[in-house]
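# sequence-free structure coming up:
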């Protein structure tokens, strides 16, 4: 089974030894960045909606964006898959194809270098991504300074709209996820369904931001508001969003009208949130969405975010509090 | 919850940036080795038998041994844990303590640098380990040459005996794993229970073997016979075990009499199987157990293993074929 899965993979350019021994061996030029993320059938995805290819793609994309957010070049993924005994090999092959295709499309030169296959009650995938800083300093969450510009690159809010659409029209009468409506939804709303099921984060822009003077950067996974709050706390600043800038930069994406509410709280965007000194030109692909402000506090909530000068609470997608229909 | 878990961790010496950002950042001197392994409650462990500390320890130990088996120095682990919503935080803290303690005891300087916490129907842990080759060439499975000595370092067969004991005396009347007998089994048979629940592989001997001229090396996870067969196929050789050498080196370990059958087929030893040219002195800790032979074939089975000149079939622990009582 493992052999058929491995056959889907192309080689990563940093690889000196690929899968098959106790470890893979990689050549790196600079410091290494490493990140890991798990996706579990049920809370994190539903196979009724995700083809295996899309699942593999999303697994790669979400981890690659964490590497990009440090200003590093992704070099390798390891993938631990655990699946029920009755899982068709075809699903595993499609996951491998999706992993491989996402690496080739989003981070050429990066590939899957190792993995592990086991059994579990539901499809469980843990991906670890490595990246090479190539001599650059990592761009942390903690470097934003009052006066910096807040900028964002990638899709914003589309993935959340896609998830809402799937929950609105992709459930069976018993409330469980159903594949029936998925082809129709793909045909009618390809931008938001693709953003949710197979996101395409702007991975090379992580290096561009690092080279372009970014003072802080992170990938937006839970929601722009939640992750901005984290960046603001790590940097001990506030972030002031401008609805005019958000509208101007992201009000229409691929022909879809995206409300500011969806941009701020949609979640799973996997684009890059970064701050830059006010006097540098933003790298191509980044658009300004606000400013880094000194901490003044917004009343009793002590939040760090404002929109047009008015404080608001971060919120978004949280697997510990959101009970999706059809998940246990 | 994540904060309480991270509080258990000491810092790895290669770390330039620890947990809390999109990625951890590591400094490496030579090429990187990377490996990943998943353990799932049910097929891979039972919480009735494993304390969280032991589970964390075993997770670290099994991955560290893969790094050691390349001749590398372990530098960092990432840990993806997914658990049911009703999991007590204390269990996660104990897992983190065990991960940390195993790193400190078995591979000083290595530590957990990042992780991910999610929810799953059963406790699911995927660990990725990184290592630094420090300028050495990796020791592969494929380098054994006819005439080499086959040697082993670590415990051999004890872990399998421990698992047999747990299945014989650690089950409730309905066949599920029970914690009731575990304190008594720990008291009466600490060597085999410890070998099964919290193994202590000889991690530094991986570097010693690489420096001492090992031609091939791998960690024994499934069973000495199964993993030797893999090494023999990768190197296109046969391996001839000597029962006299096995008895001499491993017939009594920590006062426990270990039958050759248990050494060959027990599984989960996580010691180091290595081959050395006949004219070099084995590094301290390695004992000879056989020879590397040219391929002659052993009848229709086409196996690559012999014991005292007689061919035999590799077998051992396989989660896809062994139905443990009490697992689904």
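Perfect, thanks for sending it. It should be emphasised that the depicted structure is a prediction, and the values quoted were computed from it without experimental measurement.
# which residue sits closest to residue A:52 in space, ignoring its chain neighbours?
Using C-beta to C-beta, 6 or more residues apart in numbering or on different chains and skipping the chain neighbours, the partner closest in space to residue A:52 is residue A:94 (3.0 Å). Where C-beta positions appear, they are placed from N, C-alpha and C, glycine not excepted.
# What is the burial count for the closest residue to chain B within the stretch 101-250 of chain A?
In the stretch 101-250 of chain A, no residue comes nearer to chain B than residue A:126, which is 3.4 Å away by C-beta to the nearest C-beta. By other C-beta atoms under 10 Å in any protein chain shown, 32 other residues sit near residue A:126.
# any idea how far residue A:59 is from it?
As defined by C-beta to C-beta, to the nearest Å, residue A:126 lies at a distance of 9 Å from residue A:59.
# residues shared between the contacts of those two?
Common neighbours of residue A:126 and residue A:59 are listed as A:37, A:39, A:79 (criterion: C-beta atoms under 8 Å, 6 or more residues apart in numbering or on different chains).
# The last one and residue B:35 touch, don't they?
Yep, that's residue A:79 we're talking about. No. At 11.9 Å, residue A:79 does not count as touching residue B:35 under the criterion of C-beta atoms under 8 Å.
# what's the overlap in contacts for the two?
residue A:114.
# How about the contacts made by the residue most central in space within chain A?
Closest to where the C-alpha atoms of chain A average out (C-alpha atoms, centre = their mean) is residue A:270, at 2.8 Å. By C-beta under 8 Å, 6+ apart, the contact set of residue A:270 is A:61, A:62, A:65, A:154, A:159, A:199, A:201, A:219, A:220, A:221.
# Extract the residue ranges of the stretch 201-328 of chain A that are flagged as low pLDDT.
A:299-301, A:317-328 (pLDDT under 70).
# Show me the helices in it, by range?
Counting by DSSP state H, counting those that start in this stretch, the stretch 201-328 of chain A has helices at residues A:204-211, A:224-235, A:243-250, A:260-265.
# I'd like the average pLDDT over stretch A:54-67.
Taken as a whole, stretch A:54-67 carries a mean pLDDT of 96.
# Centre of the chain to it, how far?
Mean C-alpha position of stretch A:54-67 versus that of the full chain (C-alpha atoms, centre = their mean, to the nearest Å) differs by 7 Å.
# cool, stretch A:302-316 as well?
22 Å.
# is chain B contacted by it?
No. Against chain B, stretch A:302-316 shows no contacts by C-beta under 8 Å from any C-beta of the partner chain, the least distance being 15.9 Å.
# Within its sheet, name the partner strands of whichever strand in chain A runs longest and how each one runs.
Ranked by residue count and defined by DSSP state E, the top strand of chain A is strand A:73-83. Take DSSP bridges as the rule and strand A:73-83 pairs in its sheet with strand A:111-119 (parallel), strand A:124-132 (antiparallel).
# Report the angle between the last one and helix A:204-211.
In this case it means strand A:124-132. For strand A:124-132 against helix A:204-211, the angle by axes from the mean of the first three to the mean of the last three C-alpha atoms, to 10 degrees is 40 degrees.
# all helices of the stretch 51-200 of chain A, in order?
Using DSSP H, counting those that start in this stretch, helices in the stretch 51-200 of chain A cover A:52-68, A:89-106, A:158-169, A:182-188, A:190-197.
# domains for chain A, by residue range?
For chain A, automatic domain parsing gives the domain ranges A:2-132, A:141-311.
# from these, which stretch is densest packed?
Stretch with highest mean neighbour count among the domains of chain A: domain A:2-132 (a mean of 23; mean count of other C-beta atoms under 10 Å in any protein chain shown).
# In contact with residue A:121: list those residues for me.
Taking C-beta under 8 Å, 6+ apart, one finds A:84, B:42, B:121, B:122, B:328 in contact with residue A:121.
# between the residues you listed, which is nearest residue B:282?
For the contacts of residue A:121, the residue nearest residue B:282 by C-beta to C-beta is residue B:42; the value is 39.3 Å.
# Just to check, that closest one is in contact with residue B:124?
No. Contact criterion C-beta under 8 Å: residue B:42 and residue B:124 do not qualify, at 9.7 Å.
# low-confidence ranges in the stretch 51-200 of chain A?
Checking the stretch 51-200 of chain A against pLDDT under 70 turns up nothing.
# Next to chain B, which bits of it? Give me the list.
Proximity of the stretch 51-200 of chain A to chain B, by C-beta under 8 Å from any C-beta, involves residues A:66-67, A:69-70, A:72, A:76, A:78-82, A:85, A:113-116, A:118-122, A:124, A:126, A:128-131, A:133, A:138, A:140-142.
# Could you report the separation of the closest residue to residue A:68 other than its chain neighbours from residue A:103?
Leaving aside its sequence neighbours, residue A:68 sits nearest to residue A:206 (C-beta to C-beta, 6+ apart; 2.9 Å). Counting by C-beta to C-beta, the gap from residue A:206 to residue A:103 is 15 Å.
# Out of the domains of chain A, which gets nearest to residue B:291?
So among the domains of chain A, domain A:2-132 is nearest, using C-beta to C-beta, at 22.3 Å.
# mind checking how far stretch A:168-185 is from the chain centre?
Worked out by C-alpha atoms, centre = their mean, stretch A:168-185 lies 24 Å from the chain centre.
# can you check stretch A:221-240 too?
Computed by C-alpha atoms, centre = their mean, the chain-centroid distance of stretch A:221-240 equals 16 Å.
# Quick check: end-to-end length of that stretch?
19 Å (C-alpha to C-alpha, to the nearest Å).
# next one: stretch A:150-166
In stretch A:150-166, first residue to last residue: 31 Å (C-alpha to C-alpha).
# re earlier: how about the strands paired with strand A:73-83 in JSON lines, adding distance to residue B:234?
Shown next, in JSON lines, are those (distance: least, C-beta to C-beta, whole Å):
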{"stretch": "strand A:111-119", "distance to residue B:234": "16"}
{"stretch": "strand A:124-132", "distance to residue B:234": "24"}
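# For residue B:260, which of those strands is the nearest?
Of the strands paired with strand A:73-83, the one closest to residue B:260 (C-beta to C-beta) turns out to be strand A:111-119, at 29.2 Å.
# Taking helix B:52-68 as reference, get the angle to the closest one.
Using the same axes, to 10 degrees: strand A:111-119 against helix B:52-68 is 140 degrees.
# for the shared contacts of residue A:126 and residue A:59, which one is nearest chain B?
Set against chain B, the nearest of those by C-beta to the nearest C-beta is residue A:37 (5.1 Å).
# give me every residue that touches residue A:113.
With contact taken as C-beta under 8 Å, 6+ apart, residue A:113 is in contact with A:12, A:15, A:18, A:19, A:24, A:26, A:76, A:77, A:78, B:34.
# same deal with residue A:64?
Residue A:64 sits next to A:74, A:77, A:102, A:103, A:106, A:107, A:110, A:129, A:201, A:203 when contact means C-beta under 8 Å, 6+ apart.
# Return the member of those residues nearest to residue B:247.
Of all those, residue A:77 has the smallest distance to residue B:247: 44.5 Å, by C-beta to C-beta.
# Next one: the closest residue to residue A:146 other than its chain neighbours from residue A:147, what distance?
Take residue A:146 and drop its neighbours on the chain: the residue closest to it by C-beta to C-beta, 6+ apart is residue A:294, 4.3 Å away. As judged by C-beta to C-beta, residue A:294 and residue A:147 stand 9 Å apart.
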